[in-house]
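Trainee: coords please:
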Amino acid sequence: QVQLVESGGGLVQPGGSLRLSCAASGFTLSFSLYHMSWYRQAPGKERELVGTITSSGITINYADSVKGRFTISRDTSKNTVFLQMNNLKPDDTAVYYCFGRESWSSRTYWGQGTQVTVSS
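Mentor: Down below sits the predicted model:
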């Protein structure tokens, strides 16, 4: 059974940094064959795509609001994807979700989410 488990969320002051992790397990094939993304959902708002790292390790589709501040990376040896968030703003407050998609099909997987709160 595929599991995506996020960690690293918490309370941070504006201008601060956080690094989220998403540990993947249960994939039938190599983790490197999956496109991985981060989404977020703020209270009262729709879930939005933060960015994606492809199975080839290319990062794409960063939301305009996070470009230059957030970076997605992956460690295939540890089946983990990361979201480095710098210069955090109150508008970044949201539940952040890890998302995986098989590169050869439309099958998708979601993590349970981790709360990030940016406040002074």
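Trainee: in the chain, which spans are strands?
Mentor: With strands called from DSSP state E, the chain shows them at 3-7, 10-12, 18-25, 34-41, 48-53, 59-60, 70-75, 80-85, 94-102, 108-110, 114-118.
Trainee: and the first one, which strands flank it?
Mentor: Same thing as strand 3-7. Strand 3-7 has the following sheet partners, assigned by DSSP bridges: strand 18-25 (antiparallel).
Trainee: circling back to that earlier point, using a markdown table, please lay out the strands of the chain together with mean pLDDT.
Mentor: Output for those, formatted as a markdown table (pLDDT from 0 to 100):
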| stretch | mean pLDDT |
| --- | --- |
| strand 3-7 | 97 |
| strand 10-12 | 98 |
| strand 18-25 | 97 |
| strand 34-41 | 97 |
| strand 48-53 | 97 |
| strand 59-60 | 89 |
| strand 70-75 | 97 |
| strand 80-85 | 98 |
| strand 94-102 | 96 |
| strand 108-110 | 96 |
| strand 114-118 | 98 |
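Trainee: Output those as CSV; include the columns mean neighbour count.
Mentor: All C-beta spots, glycine's among them, are computed from the backbone N, C-alpha and C. Shown next, in CSV, are the strands of the chain (neighbours: other CB atoms under 10 Å):
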stretch, mean neighbour count
strand 3-7, 17
strand 10-12, 14
strand 18-25, 19
strand 34-41, 22
strand 48-53, 18
strand 59-60, 12
strand 70-75, 18
strand 80-85, 22
strand 94-102, 21
strand 108-110, 15
strand 114-118, 18
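Trainee: Mind telling me which residue is nearest the centre of this structure?
Mentor: residue 38 (2.7 Å; CA atoms, centre = their mean).
Trainee: Show me how far stretch 71-90 is from its chain's centre.
Mentor: 7 Å (CA atoms, centre = their mean, to the nearest Å).
Trainee: and it, how far apart are its ends?
Mentor: 18 Å (CA to CA, to the nearest Å).
Trainee: Kindly report the same for stretch 59-71.
Mentor: Span of stretch 59-71 from end to end, CA to CA: 8 Å.
Trainee: Offset the numbering so it begins at 36, please.
Mentor: Let's use 36 as the start, then, which means that last one is stretch 94-106.
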